[in-house]
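> Quick one, fold the following:
(2 chains)
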Amino acid sequence: SQQGEEDPQALSIQEGENATMNCSYKTSINNLQWYRQNSGRGLVHLILIRSNEREKHSGRLRVTLDTSKKSSSLLITASRAADTASYFCATVLELIFGTGTRLQVFP
Amino acid sequence: DVKVTQSSRYLVKRTGEKVFLECVQDMDHENMFWYRQDPGLGLRLIYFSYDVKMKEKGDIPEGYSVSREKKERFSLILESASTNQTSMYLCASSFFRSSYEQYFGPGTRLTVT
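Numbering: from 1, shown residues only, chains lettered A, B, ... in the order given. This next block holds a predicted model:
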């Protein structure tokens, strides 16, 4: 069963711009995680936000969580070409991943 | 650093063959998972294990089985491969029950002809 739904499905920006991706989910959660996947490779954990947190920062990443709307957003500031990847949200209690946002950053 | 390795990056098998996908993690994680990833469908959980010799079905276990004889190793078995099992297979491990970040292997791209 699909829990997280990322929006948009694809995003193209220029280097230096900010990228925002959204995730909506359906059921109660303990925490929500964001992962990055470079082309054809395994996923790498980026950041975890707990259900009692509203915002979290890690370097150029900023994650928000709105449990009343069952949604989260991932903001990547000052994007780089190396940020080109697919980004997935994953919700916990159940281990359910969304379908991902494919981000392309042009130099 | 946590390392999760998978036995093959690319695999081509024929319909009806028995296929073994191996996953090994080196951080003494209790939890291990097998996913398949298909375009437009994201990651879907096939099976997971919280302990040695313990297994739980995920969302799409049909056509698959698993084996966990040792803590560090989790095998995915396709008893009789079919073309609809052509996919990218990802193994992951983590501490604690579902609460913490998962560490993924590089994936095995399986093609069944």
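> Return the set of residues that bridge with the residue nearest the centre of chain B.
Residue closest to the average C-alpha location in chain B (C-alpha atoms, centre = their mean): B:W34, at 2.8 Å. Note on B:W34: beta-bridge partners B:Y47, B:C91, judged by DSSP bridges.
> Please report the distance of it from A:S72.
25 Å (C-beta to C-beta, to the nearest Å). Just so you know, the C-beta spots here come from the backbone N, C-alpha and C atoms, and that holds for glycine as well.
> Report the contact partners of the residue nearest to the centre of chain B.
Applying C-beta atoms under 8 Å, 6 or more residues apart in numbering or on different chains to B:W34 gives the contacts B:21, B:23, B:45-48, B:58, B:64, B:66, B:74, B:76, B:89-91.
> quick one: it from B:V4, how far?
For B:W34, the distance to B:V4 - C-beta to C-beta - is 11 Å.
> Between those two, which contacts overlap?
What both B:W34 and B:V4 touch, as defined by C-beta under 8 Å, 6+ apart, is the set B:C23, B:C91.
> can you give me the strands in chain B?
Using DSSP state E, the strands found in chain B span residues B:4-6, B:10-13, B:19-25, B:31-38, B:42-49, B:56-57, B:64-70, B:73-78, B:87-94, B:103-104, B:108-112.
> what's the third one packed up against?
Think strand B:19-25. Packing partners of strand B:19-25 (3 or more C-beta pairs under 8 Å, 6 or more residues apart in numbering or on different chains; DSSP states H and E): strand B:4-6, strand B:10-13, strand B:31-38, strand B:73-78, strand B:87-94, strand B:108-112.
> can you list those strands in TSV and add mean pLDDT?
Putting the helices and strands packed on strand B:19-25 into TSV (pLDDT from 0 to 100) gives the following:
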stretch	mean pLDDT
strand B:4-6	95
strand B:10-13	96
strand B:31-38	93
strand B:73-78	97
strand B:87-94	94
strand B:108-112	96
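> How about the contacts made by residue 55?
Answering for chain A, as no chain was given. Neighbour list for A:E55: A:I49, A:R62, A:V63, A:T64, A:L65 [criterion: C-beta under 8 Å, 6+ apart].
> let's do chain B instead
Shown in contact with B:K55 (C-beta under 8 Å, 6+ apart): B:Y47, B:F48, B:S49, B:V66, B:R68.
> Before I go, just wanted to say thanks for your time.
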